[in-house]
Structures are given as structure tokens and as C-alpha cells.
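Asks: okay, sequence plus prediction incoming.
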Amino acid sequence: MSGHNKKRPIYLDNHATTPVDPAVLNVMLPYYQEKFGNPHSGTHFYGWEAREAVELVREQIAALIGAEPGEIYFTSGATESNNLAIKGVARMYRGRKDHMVSCVSEHMCVLDSMFHVEREGTKVTYLEVGNDGLIDLGALADAITDDTILVSIMTVQNEIGVIQPMAEIGAICRERGAFLHTDAAQAVAKMPIDVKAMKIDLLSLTAHKFYGPMGIGAIYIGRKPKVRLEPIFSGGGQENNFRSGTLPAPLCVGLGKACELGLAALAEEPARLGEMRDHLLGRLQVALPGIHVNGGMAHRVPGNLNISFEGVRAEDIMAAVPDLAISSGSACTSESDESSYVLRAIGLSNDLAESSLRFGLGRFTTPEEVDYAADRLIAEISRLRQEKRDAGISTGATAPVLDEVK
Ligand SMILES: *Cc1c(COP(=O)(O)O)cnc(C)c1O
């Protein structure tokens, strides 16, 4: 481990954020330097230049998700896009259709937006998830009524990486006459997405989850069928009046490049990450008894692994491996003491939820880093368990448990 002491920790938390790809930063820099114009300045070259650049980005985003460029609007990220989709649609259709459907394992920015519109008079049905992390399609169909304006189901869960069957969900929503919104922050550029084929009406994405800069994202708002929504920001009416405010051209350009790279990477990156992820899981399963994979493996983004280690607390593991950057759940809840509501929703006990670690492999993760991480985790978890046994405390973990959910 001495070789790693002087280095920065190995980054295995690519669900929280990803490093900016150097090629992304390169295209951004000129827009901070000589091409610094306001894209809304219509009277001179600086403005025209910046405007042309951001309009090209709409095409790059649209190409990645199968939308039309005119259906793409910039926001500050997925939190804002989710707020706009849920609050904007609830308010626009208030008094006509006042019911929404969502899911208990959504990101907190979706759930909190739902809690907000509930206080404004919208009724919300929260679907449960199975121990594989997926919703039940029959329960979804049953939940939609004539009063349902919006269904909001995330494409990929940010803690356990499971992929909801969006095409099936979209078909049910379209048939029942409800709009479908999806928080695709963890899905975009990690798996193919086609909003038309999947019948998605609103989609949220954010650049910093796929090697673009923090502070920029987008919302896709479909035109066929046409979704109407009330803006949250009052102002100059930019973005077709959906989102007022000056577009940050350097960030927009970075988002566009991240989309272009992401689309190209779909050809090989998922397979490469999946191999490293399976290698990590295999090594841990062989060396450590009492480990549980959380969420189904069959429908899961390749860079994700979420594991509970019986008899040891995630906090203690993380403290023992400061040379690894890992997390015990979402970055948003890592400052609170509560165990993950997502892990509890898939049926984990509090103890197992508090023994869980999330691994997020990304574009810049190497096989050597994965092996180093496996070595360190095996050594430290074995040591922590031995210390407990020496103190006369049972760790529960005696034989390898290979009980992953398919
Ligand atoms: C990161 C994330 C968000 C928040 O995105 P920001 O752009 O950081 O606001 C929302 N939903 C999911 C699923 C995420 O992973």
C-alpha cells in the first residue's frame, strides 16, 4: 500500500460525479477565453458565435437520446430538470388532472418535488419495488387513473444501478394517457436511450454524471404528444419560456462534447466496465464469506455494484481504506445518519443496509485499480471481522453466501 500512500485515493464513486473528460475541457476553454459572448446577445458577432455553439449542443444531446433538437432545453442539472418536470406539469394541469405516480426508490429531488406538489393539491401514488429494485408493471397500470397527469420513474437507480423497463413503462403510460417523465441522470451515456421508442415525454439529464462539467444539464420536453408545463423561474423567457436565465455557453459546449463522446463510447465502454465490475465482484465473493449483492444483477448498468458485508459497518470499512474513494449510498444522504431508504425499500434490514458499499466504476477506472481495491477490501474486511470475533462478537459471516438476485 506504500506506493499508493503518496497518490490520491482510487476513485470508485462515479455515481456521485465523474471527472471531466480532457476532451470536454478542451472544447470549453475557448468559451471562457476569446469566445466569451452572451448567447442571447443578438446584435454582434460575440453573441452570434456563442448562440451557434449552444444550438449545436442541442443537436448533440438530441442525438444521444433520440429526440429532436427543438425538444431540448438547458437547465443547471438533473435536480432542476426534475423539479421543472414535476412541479411544472403539476401546476400547468392543476384542477384538470391532479394525480401523479412515482416510486419509493426515486432520487430525493424527485421525491421531494412530489412531496411539494402534494402540498399544492396533487395526489401522488408511490410504487413499491421488489428485492431486485424494479417496479411491478401491473401495479403501475393499476395506479394510473383518468386523473393521472404524470408518471415519474427513474431509468437507472443511483445506489443499486438497476435499470427499469422504460419501453414497457412508456407503452403503459401512453396507452393510459399519462405523460412519462424519467430521471435519466445515471442512464444517459451508460446505456442506449431512445425517448421516441421508449415513449418518454420528459427526461432529465446532467453533464457531471457522464464526464461533462458540473452545473449544466438538460430537460427533454416532448412535442408529440405535446407536454405543457409552467416554468419555475421568472425572467427573460429564454429556452422557449421554460427556463429563463443566461445560458452558460462554456458549460453547454462541454455538455455537448460529453454527449458526443458518450454516444461513441456506448460501443465499448459498457462491456469494458462490466468486465471489471464482474471481476471485482468475483474476487470479493471468493475471498469473503457473508456478502450480499443488493438489487438484481440482470438489469443493471455495468459500472455499478452495491454490496452488503455481513457483520461490518460500511463506515468502519471506509475508515479502514482511505486509499479508496467509495461511498455507502448516495452522496446526498452520506451526511445524514439514516441508512439508505433505497436499500430498505428492496427489503434489507437496517444492519445490512448499514453494511453496504456502493462501487461506481467509470471511464478512467483501470483493471489494476480494481485489483488493488479488491486486495485492500479483502484484507481490511477480514481484519475488521477478526477483531470482532476476537472480542467475542459474532459477525454472522462464516461461509461464502452466493445469493445474488438474478
Ligand atoms: C446526481 C443525480 C441527480 C442530481 O443531479 P444534479 O445535476 O447533481 O442536480 C438526480 N438524480 C439522479 C438519479 C442522480 O444520480
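Replies: Cool, the structure landed.

Asks: from here on, just use CA atoms for contacts and neighbour counts.
Replies: OK.

Asks: now do stretch 48-65, average pLDDT.
Replies: Across stretch 48-65, pLDDT averages out at 98.

Asks: kindly export it (C-alpha atoms) in CSV.
Replies: Output of stretch 48-65 as CSV, limited to C-alpha atoms (Å, rounded to 0.1, in the frame of the first residue of the first chain):
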residue,chain,number,x,y,z
TRP,A,48,-23.9,35.0,-32.6
GLU,A,49,-20.8,32.9,-32.1
ALA,A,50,-22.0,31.7,-28.7
ARG,A,51,-25.5,31.2,-29.9
GLU,A,52,-24.4,29.0,-32.8
ALA,A,53,-22.3,26.9,-30.4
VAL,A,54,-25.2,26.3,-27.9
GLU,A,55,-27.6,25.4,-30.7
LEU,A,56,-25.2,22.8,-31.9
VAL,A,57,-25.2,21.3,-28.4
ARG,A,58,-29.0,20.7,-28.6
GLU,A,59,-28.3,18.5,-31.6
GLN,A,60,-25.6,16.6,-29.7
ILE,A,61,-27.9,16.0,-26.8
ALA,A,62,-30.9,15.1,-29.0
ALA,A,63,-28.7,12.6,-30.9
LEU,A,64,-27.8,10.8,-27.7
ILE,A,65,-31.4,10.2,-26.6
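
Asks: show me how the protein divides into domains.
Replies: Under the assignment automatic domain parsing, the domains of the chain span 3-19+268-404, 22-265.

Asks: for the ones you listed, give me TSV that also has mean neighbour count and distance to the ligand.
Replies: Shown next, in TSV, are the domains of the chain (neighbours: other CA atoms under 10 Å; distance: least, CA to the nearest ligand atom, whole Å):
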stretch	mean neighbour count	distance to the ligand
domain 3-19+268-404	18	6
domain 22-265	20	3
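
Asks: worst mean pLDDT among those domains?
Replies: domain 3-19+268-404 (a mean of 91).

Asks: now the helices for the stretch 51-200 of the chain?
Replies: In the stretch 51-200 of the chain, the segments counted as helices under DSSP state H, counting those that start in this stretch are 78-92, 108-119, 137-143, 166-176.

Asks: need the ones you listed in CSV (columns: distance to Met318).
Replies: Conversion of the helices of the stretch 51-200 of the chain to CSV gives the following (distance: least, CA to CA, whole Å):
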stretch, distance to Met318
helix 78-92, 27
helix 108-119, 24
helix 137-143, 37
helix 166-176, 34
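
Asks: and the ones you listed: which comes nearest Pro322?
Replies: helix 108-119 (27.4 Å; CA to CA).

Asks: what helices and strands are in contact with that closest one?
Replies: Packing contacts for helix 108-119, counted by 3 or more CA pairs under 8 Å, 6 or more residues apart in numbering; DSSP states H and E, involve helix 78-92.

Asks: and the contacts of the helix it packs on?
Replies: Residues outside helix 78-92 that contact it (CA atoms under 8 Å, 6 or more residues apart in numbering): 75, 98, 109-110, 113-114, 116-117, 122, 149-150, 181, 183, 185, 202-206, 217-219, 227-232.

Asks: hmm, try it at 7 Å
Replies: The contact list for helix 78-92 (CA atoms under 7 Å, 6 or more residues apart in numbering) reads 75, 98, 109-110, 113-114, 117, 122, 183, 185, 202, 204-206, 217-219, 228-232.

Asks: quick one: the strands in the protein?
Replies: For the chain, the strands defined by DSSP state E cover 10-11, 72-75, 99-103, 123-127, 148-152, 179-183, 202-206, 217-221, 291-293, 304-309, 324-325, 356-360.

Asks: partner strands of the first one, parallel or antiparallel?
Replies: Right, the one you point to is strand 10-11. Sheet pairing of strand 10-11 (DSSP bridges) gives strand 324-325 (parallel).

Asks: residue nearest the centroid of the protein?
Replies: Gln186 (2.7 Å; CA atoms, centre = their mean).

Asks: my read: Gly245 touches Ser234, true?
Replies: No: using CA atoms under 7 Å, Gly245 is not in contact with Ser234; the gap is 8.7 Å.

Asks: on that earlier part again, so which of the strands of the chain comes closest to Glu387?
Replies: Closest among the strands of the chain, using CA to CA: strand 304-309, at 15.0 Å.

Asks: what helices or strands is the closest one leaning on?
Replies: Here strand 304-309 touches strand 291-293, strand 356-360, going by 3 or more CA pairs under 7 Å, 6 or more residues apart in numbering; DSSP states H and E.

Asks: give me that answer again for 10 Å
Replies: Strand 304-309 sits against helix 269-287, strand 291-293, helix 314-320, helix 350-353, strand 356-360, with contacts defined as 3 or more CA pairs under 10 Å, 6 or more residues apart in numbering; DSSP states H and E.

Asks: contacts only, for Leu384.
Replies: Leu384 is in contact with 311-313, 316-317, 320, 390, 395, counting by CA atoms under 10 Å, 6 or more residues apart in numbering.

Asks: repeat for Thr125
Replies: 99-104, 114, 140, 143-144, 148, 151.
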